[in-house]
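1. Quick one, fold the following:
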Amino acid sequence: MFAAVRMRGAHLDENEAVVNDANVIYVVVLTFGVLGNGLVFVTVASAPRMRTATNIFIANLALADCFVCAFDLPLNLHYQVAIITTLSRN
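-> Numbering: from 1, shown residues only. Modelled structure (predicted):
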């Protein structure tokens, strides 16, 4: 699916290109996930009229998703990169 990529004259093999693409995708998802969910949580916490039962539940879900983005995604990325690099050695 991913072809070999040339960057600054250096030739990257297919596995390194996949790892680089995965890094970019994970960083973008992690950044938007933390920022978006953080904004939801801050909005509900700071505006008194937003503190309804439904909005507090949504803020709780946003906080939980923020923790998933902050702690699980980097570990998942590390795991995926370790598998790709381990398989590429064989």
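
2. now whichever helix in the chain runs longest: how far from the chain's centre is it?
-> Using DSSP state H to define each element, the chain has its longest helix at helix 14-46. Centre-to-centre, helix 14-46 and its host chain are 4 Å apart (C-alpha atoms, centre = their mean, to the nearest Å).

3. Mean confidence (pLDDT) on that helix, please.
-> For helix 14-46, mean pLDDT rounds to 88.

4. and that helix, what other elements does it pack with?
-> Where contact means 3 or more C-beta pairs under 8 Å, 6 or more residues apart in numbering; DSSP states H and E, helix 14-46 is packed against strand 5-7, helix 53-67, helix 73-89. Every C-beta, even on glycine, is put in place using the N, C-alpha and C of the backbone.

5. Asn37 is in contact with Cys66, correct?
-> Yes. Using C-beta atoms under 8 Å, Cys66 makes contact with Asn37 at a distance of 4.1 Å.

6. Give me the more crowded residue out of these two.
-> Taking other C-beta atoms under 10 Å, Cys66 and Asn37 do not tie; Asn37 has more neighbours (21 against 18).

7. For Ile84, see how far away the more buried one is.
-> Counting by C-beta to C-beta, to the nearest Å, the separation of Asn37 from Ile84 is 28 Å.
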